[in-house]
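In: sequence and predicted model, in that order:
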Number of protein chains: 2
Amino acid sequence: MPELRTVEARKADVLTALESQQDMWLATADAAGRPHLIAVSAWWDGTDLVVATTAGSRTGSNLAAGPTVRLAAGAPNDVIMIDARVVESVAANLAPEVADGFAIAVGWDPREVGEGWAFYRLRPTRIQAYRGYDELEGRDLMRDATWLA
Amino acid sequence: MPELRTVEARKADVLTALESQQDMWLATADAAGRPHLIAVSAWWDGTDLVVATTAGSRTGSNLAAGPTVRLAAGAPNDVIMIDARVVESVAANLAPEVADGFAIAVGWDPREVGEGWAFYRLRPTRIQAYRGYDELEGRDLMRDATWLA
C-alpha cells in the first residue's frame, strides 16, 4: 500500500494543481433537480476559481438560478473535489480586468470567441483530495471555507 | 489544426474508452437543485453503464429521487459526455450476477467493501465526444438513445 498523504501534503498537491490552471469539470443543476456537467477552463487566482461560459447556456442558466456548484479536477484515481458558491457573475465584455487575468491564466479570451460570454467567480467552501479508497480518510482539506492545514 | 474526427471515428474512440472500463465522473442533483459529483467505477456492458455507490450516500439519494444523470469520461481536452437515465437499481447483496459482472469488469466487488451498497444501471440517451472547441461541431454521437453512426 502506498504511503497515505498528510493533510498538508494533499493541500500542497491541490494548490500545485490549481496553480497549473488546468481545465476542470463543473457540475451544476437546475431547479427541477436535473444535473448538468461541462468541462471548463478555470483560473485560480489564489482565492477563487473564475470560469467562463455563455450566459444563455444550461450552465449559465443554472448558475443564475442557484449558487451551488461542484468542481472536479485531477482524475478519478487522483481526485480533487471542490464545493463552491457563485459569488460574482459579470458579462465578459464589461469586465476587462477579469477577462485579461483569465486570458493570461488559461490561454484564451472569451471576448474573442463570440457574444454572450460571462465570467463566474466560484468561492470554494469545501475541498477534498484523495487517491483511491485508502485515502478517503483525511480527505477534507477545507471545510466551511476554511483550510484545515 | 489537427484533423477533425468523423462521427464514426468518435464513436469508435468512445466505445474503446467505455470498453476499457475506466472510472468516470457522475453528476447528480437533489430536488432542491443542488448538484453533486463523484468519481465512480463504471462497467460498460455494451448497452448500459453500471455504477455502484451506497444507497444512503448523496448520490444514492439523488438517484432515488430523480433518474437523470450526466457522466463524463476522458479528460477536459478529450471529452466524453453521457446523459443517461437510471433504469434499474438493486442492492448489491441481492444481485449476484450484476455483482460478479461488475467485479470482473472493474476489479472490485462492493459486497466485499461493506454494507448498504447498491448498483444503478444507467442507460445513455445522449453521448457527445470532442477534443477542444474545434470539434464541438459534430460532437453528438447518440441522441434520443439512438447512435447516429
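Out: Structure's in. What do you need?
In: tell me the secondary structure at A:Leu141.
Out: Here A:Leu141 takes the strand state, with states given by DSSP: H, G, I helix; E, B strand; the rest coil.
In: from chain B, how far out is it?
Out: Counting by Cβ to the nearest Cβ, to the nearest Å, the separation of A:Leu141 from chain B is 16 Å. In this view, the C-beta of every residue, glycine as well, is placed from N, C-alpha and C.
In: so how many other residues sit close to that residue?
Out: 25 (other Cβ atoms under 10 Å in any protein chain shown).
In: low pLDDT regions in chain A?
Out: Chain A contains residues with pLDDT under 70 at A:1-2.
In: what's the helix ranked longest in chain A packed up against?
Out: If you go by DSSP state H, chain A has its longest helix at helix A:7-19. On a contact count with 3 or more Cβ pairs under 8 Å, 6 or more residues apart in numbering or on different chains; DSSP states H and E, helix A:7-19 meets strand A:68-75, strand A:117-130, strand A:140-143.
In: kindly recompute the last result at 10 Å.
Out: strand A:42-44, strand A:68-75, strand A:78-91, strand A:117-130, strand A:140-143, strand A:146-147 (3 or more Cβ pairs under 10 Å, 6 or more residues apart in numbering or on different chains; DSSP states H and E).
In: what about the fourth one and chain B, any contact?
Out: Yes - under the criterion of Cβ under 10 Å from any Cβ of the partner chain, chain B is reached by strand A:117-130 at A:Tyr130.
In: tabulate the CA atom coordinates of that strand in PDB.
Out: C-alpha atoms of strand A:117-130 as PDB (Å, rounded to 0.1, in the frame of the first residue of the first chain):
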ATOM      1  CA  TRP A 117     -20.000  35.100 -22.600                       C
ATOM      2  CA  ALA A 118     -19.900  35.700 -18.800                       C
ATOM      3  CA  PHE A 119     -17.400  35.100 -16.000                       C
ATOM      4  CA  TYR A 120     -18.500  33.400 -12.800                       C
ATOM      5  CA  ARG A 121     -16.400  33.700  -9.700                       C
ATOM      6  CA  LEU A 122     -16.600  30.500  -7.600                       C
ATOM      7  CA  ARG A 123     -15.500  30.600  -4.000                       C
ATOM      8  CA  PRO A 124     -14.600  27.200  -2.500                       C
ATOM      9  CA  THR A 125     -16.400  26.100   0.600                       C
ATOM     10  CA  ARG A 126     -15.100  22.500   0.800                       C
ATOM     11  CA  ILE A 127     -12.100  20.900  -0.800                       C
ATOM     12  CA  GLN A 128     -11.300  17.200  -0.800                       C
ATOM     13  CA  ALA A 129      -8.400  15.300  -2.200                       C
ATOM     14  CA  TYR A 130      -7.900  11.500  -2.300                       C
END
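In: what strands line up against it, and which way round?
Out: Paired with strand A:117-130 in the same sheet, following DSSP bridges, are strand A:49-54 (antiparallel), strand A:78-91 (antiparallel), strand A:140-143 (antiparallel).
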